[in-house]
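>>> What shape does this take:
(2 chains)
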Amino acid sequence: MTDDKTPVPPPAGEPGLVLDVRDAVKHYAVRRTTLRGPRRTVHAVDGVSVRLGSGRTLGIVGESGCGKSTLGRLITGLEKPTSGTITVGAEGIPIAAAHGTGTVQAVFQDPASALDPRMTVRESIGEALGRAGKDERERRTGEALAAVGLTPEFGARYPHQLSGGQQQRVCIARAIVDRPDLILLDEAVSSLDASLQAQVLDLLQRLQRDTGTAYVFISHDLRAVRQVSHSVAVMYLGQVVEQAPAEEFDRGLLHPYSVALRSTEPRILDEGTDHVERIVLTGEPPSAVAPPAGCRFAPRCPIVDDHCRSVAPVLTEATSGHLVRCHKPGELTLSGVVRVDPGTPAEV
Amino acid sequence: MSTVTRRRRPSRDVRPRRRPVQGVVAKIAIFLILFYAVLAVLGPHITPFPPDQVGVGPRLSPPSADHWFGTDALGRDQLSRVVAAAQPALLSAVYAVTFALVIGTVIGIAAGFLGGLWDGTLSRVVDLLFAIPEYLLAILVITVMGSGLVNASLAIGLVCIPRFARIARASTIAIMERNYIDAARLCGRGRIWIMRRHILPNIASPLVIMTAINLSTAEGAYAALSFLGFGVRPPAADYGSMISSSQQYLLTDPWLVVFPSIAFVVLVLAFNLLGDVMRDRLDPRSRTSAGA
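Here you go, the predicted structure:
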């Protein structure tokens, strides 16, 4: 995880590296509302850099509209970045060149939309096996179905004859059948009920152990993300505000937005559990068309000060491997505001 | 995972209410169209007299045992001519709609799939076609290409292209939002594969409905053009030209107008019924009952 102002790690060629995103930016032009109005752009993704090794899972979490799905589409090459580079594999192949080579696959949120209603399950899965012969295709489709816990008879069915969970498992089968290096899971379990979520997450983790595939797991559900991820990035308004190994997340979150996100999780209170204040953020995230000049989180931050409003913080390493984009990291905690410096009174 | 039947249940409730009526209408439509198709194929072999032969009976004879539909001013047998006219009538509708379906679908899918400048250009061309009054455009084309069955059909087809192009484009754009298009791209499938395997099958329903509805429009348009003298070349029989040449006898010998008119109206009605049936069957709202 780097920013434009932190030194970029040594170039590609690193063994085990599956995904290297450097300073990816995606701006969308907004249609002018008046003839002479200014040409404006939506800053969907604004300078995101992430790296991911083989067999690892990167979780990306954030509220809707924070650019996490756009980042997913950039990573899979479904959209071209406005600037920045995205390479896959240890040799650093640009995503555009790797497109359609079976290196990157995706599982989407809505399985009903991800399966062609006029194709059988076998045809859908076989789509990922372009180069294979008929016999091989048949065999590997069967194997993929078995891997997701479906019997070969499902191959002849159409999506409308399957339940939502079965459809999602077919999507996973299609994603894994050609042994990709990287699978994007964009809200892949969000549409499933709790017991199915657990099943599918288990399935994904088992597959990762068996095949060493790397995952990018995008979700608004911090708990699901932490459960499967080795490292978690929190996005806010097109930027990564905090990135840390999953274990760090349980210990201490440093960015006030991450802390607020964390505090919304339901938890069981009993003895030995600290009482947790629920931090309620007011207002909407600012418009991605005209992001604030200073910190993008400043308008909603409980511990904001004038410095935050005028100077945009950069992503810096707080502790080893733990990156945060905040002027006052760690001042807001789950149990309230910590006064680090008596000179700057914190406002809540 | 126990909800395999969840989507089918509502359709099962709907089915008993809809099916019987729809079934009868469908049967009538298909029977009538098959009847005309048989006439079109066997026409020349089953007519009691050669349809274009002058003087096979007395001039302007009313319906009789020898000439069931009477004879025209040149002594031609009206029954033979009505039967013979089934062929150009059916062919013109089929030619016109096939032409419009193929060209319109290609334009519509290309515009919807490629987007951007392609979409802008193709859509404006289609809008331009739509903007010109239909018969004016058709007559303009015939003036350039010459009259006759094929040319008149192509002219009508050209007029119908925008309808197919628009519906194909709108449906394609709707399908493009679906994730299976993204999935196919990630699987390394090219544009042609995606258009042929994913988009075309999924936009087929509205196109089939459009085809059925346009058959009757095209048939009506062809009769109109033929009435104006742009159809088959005389002396060959055509509903439009038969009605047009008989209009001066409308008050004295009305059968000359009545029989070709009935034959024409029934054919258009049959096409209309077919369109209704197709719409009921394939309408997206009742799609689940059709299954996949």
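
>>> Residue in the stretch 151-292 of chain B with the shortest distance to chain A?
residue B:188 (2.8 Å; C-beta to the nearest C-beta). Any C-beta I mention is one placed from the backbone N, CA and C, and that applies to glycine too.

>>> For residue A:169, give me its contacts.
Listed by C-beta atoms under 8 Å, 6 or more residues apart in numbering or on different chains, the contact set of residue A:169 reads A:148, A:149, A:150, A:200, A:203.

>>> and the one helix or strand it maps to, how far from the chain's centre?
Using DSSP states H and E, residue A:169 maps to helix A:164-176. Distance, stretch centre to chain centre, for helix A:164-176: 19 Å (C-alpha atoms, centre = their mean, to the nearest Å).

>>> what does stretch B:69-87 give?
Between the centre of stretch B:69-87 and the centre of its chain there are 24 Å (C-alpha atoms, centre = their mean).

>>> What separates the first and last residues of it, distance-wise?
End-to-end distance of stretch B:69-87 (C-alpha to C-alpha, to the nearest Å): 18 Å.

>>> Give me the buried stretch members for that stretch, please.
Using 16 or more other C-beta atoms under 10 Å in any protein chain shown as the test for burial, stretch B:69-87 gives B:69-72, B:75-87.

>>> Can you point out the buried residues in stretch A:134-154?
For stretch A:134-154, burial by neighbour count (16+ other C-beta under 10 Å) applies to A:137, A:138, A:140, A:141, A:142, A:144, A:145, A:147, A:148, A:150, A:154.

>>> Check the burial of residue 52 by counting its neighbours.
Chain wasn't specified; assuming chain A. 23 (other C-beta atoms under 10 Å in any protein chain shown).

>>> I was thinking of chain B, sorry if that wasn't clear
For residue B:52, the count of nearby residues is 16 (other C-beta under 10 Å).

>>> what's the pLDDT at the residue lying closest to it once chain neighbours are set aside?
Nearest non-adjacent residue to residue B:52, counting by C-beta to C-beta, 6 or more residues apart in numbering or on different chains: residue B:235, 4.4 Å away. In this model, residue B:235 is scored at 80, pLDDT.

>>> Do me a favour and get the backbone dihedrals for residue B:235.
Residue B:235 adopts backbone torsions of phi -90, psi 10, taken as degrees, to the nearest 10.

>>> Who are the contact partners of residue 171?
Because you didn't say which chain, this covers chain A. Here residue A:171 is in contact with A:107, A:108, A:111, A:114, A:115, A:188, B:183 (C-beta under 8 Å, 6+ apart).

>>> The intended chain is chain B.
So residue B:171 contacts B:108, B:112, B:202, B:203, B:206, B:207 (C-beta under 8 Å, 6+ apart).

>>> Intersect those residues with the contacts of chain A.
Checking the contacts of residue B:171 against chain A by C-beta under 8 Å from any C-beta of the partner chain, the ones in range are residue B:202.

>>> Give me the subset of the contacts of residue B:171 that lies in helices.
Secondary structure from DSSP state H places B:108, B:112, B:202, B:203, B:206, B:207 of the contacts of residue B:171 in helices.

>>> neighbours of the last one, just the number please.
What that stands for is residue B:207. That count, for residue B:207 with other C-beta under 10 Å as the rule, works out to 19.

>>> Check the first one too.
Residue B:108 has 29 neighbours, counted by other C-beta under 10 Å.

>>> repeat for the third one
Residue B:202 is flanked by 20 other residues according to other C-beta under 10 Å.

>>> Please look at it and residue A:117 and confirm they touch.
Yes: at 7.0 Å, residue B:202 counts as touching residue A:117 under the criterion of C-beta atoms under 8 Å.

>>> If I look at residue 22, what pLDDT would I see?
If you meant another chain, say so; for now it's chain A. 89.

>>> wrong one, I was asking about chain B
With respect to pLDDT, residue B:22 has a value of 65.

>>> now swap in residue A:115 and tell me
Residue A:115 is given a pLDDT of 94.

>>> which ones are touching it?
With contacts defined as C-beta under 8 Å, 6+ apart, the neighbours of residue A:115 are A:121, A:124, A:159, A:167, A:170, A:171, B:180.

>>> how far away is the residue nearest to the fifth one when sequence neighbours are not counted from residue B:187?
Spatial nearest neighbour of residue A:170, excluding adjacent residues (C-beta to C-beta, 6+ apart): residue A:121 at 5.2 Å. Distance of residue A:121 to residue B:187, given as C-beta to C-beta, to the nearest Å: 15 Å.

>>> ok, these two, which is more surrounded?
Taking other C-beta under 10 Å, residue A:121 and residue B:187 do not tie; residue A:121 has more neighbours (27 against 24).

>>> contacting residues around the more buried one?
Counting by C-beta under 8 Å, 6+ apart, residue A:121 touches A:115, A:145, A:150, A:154, A:155, A:156, A:157, A:158, A:159, A:162, A:170.

>>> so which strand or helix has residue A:216?
strand A:214-219.

>>> Direction included, what does that strand pair up with?
According to DSSP bridges, strand A:214-219 forms sheet pairs with strand A:57-61 (parallel), strand A:182-186 (parallel).

>>> For residue A:331, which of these is the nearest?
Counting by C-beta to C-beta, residue A:331 lies closest to strand A:57-61 out of those; the figure is 21.0 Å.

>>> mind listing what's buried in the closest one?
The neighbour-count check on strand A:57-61 (16+ other C-beta under 10 Å) flags A:57, A:58, A:59, A:60, A:61 as buried.

>>> buried sites along stretch B:37-57?
Within stretch B:37-57, the residues scored as buried using 16+ other C-beta under 10 Å are B:39, B:40, B:43, B:47, B:49, B:51, B:52, B:56, B:57.

>>> Show me which of these is closest to residue A:192.
Using C-beta to C-beta, residue B:40 is the member of the buried residues of stretch B:37-57 that sits closest to residue A:192, with 56.2 Å.

>>> And the closest one, how far from residue B:267?
10 Å.

>>> so what sits against both of the two?
B:86, B:89, B:90.

>>> now those residues in TSV, with distance to residue B:103, pLDDT and secondary structure?
Formatted as TSV, the shared contacts of residue B:40 and residue B:267 follow (distance: C-beta to C-beta, whole Å; pLDDT from 0 to 100; DSSP: H, G, I helix; E, B strand; the rest coil):
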residue	distance to residue B:103	pLDDT	secondary structure
B:86	26	90	helix
B:89	22	92	helix
B:90	21	93	helix
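
>>> now those in a markdown table, with distance to chain A?
Formatted as a markdown table, the shared contacts of residue B:40 and residue B:267 follow (distance: C-beta to the nearest C-beta, whole Å):
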| residue | distance to chain A |
| --- | --- |
| B:86 | 36 |
| B:89 | 34 |
| B:90 | 31 |
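
>>> where does the stretch 151-292 of chain B come near chain A, residue by residue?
Counting by C-beta under 8 Å from any C-beta, the stretch 151-292 of chain B sits next to chain A at B:177-180, B:182-189, B:197-198, B:201-202, B:288, B:291-292.

>>> Okay, and which of these map to helices?
B:179, B:180, B:182, B:183, B:184, B:185, B:186, B:201, B:202, B:288.

>>> any idea which of the residues you listed is closest to residue A:239?
Of these, the one sitting nearest to residue A:239 (C-beta to C-beta) turns out to be residue B:182, at 24.7 Å.

>>> Which of the helices or strands spans the closest residue to that closest one other than its chain neighbours?
Of all residues not flanking residue B:182 in the chain, residue A:78 sits nearest, at 5.5 Å (C-beta to C-beta, 6+ apart). Using DSSP H and E, residue A:78 sits in no helix or strand.

>>> Can you report phi and psi for residue A:78?
The phi/psi pair for residue A:78 (degrees, to the nearest 10) reads phi -70, psi -20.
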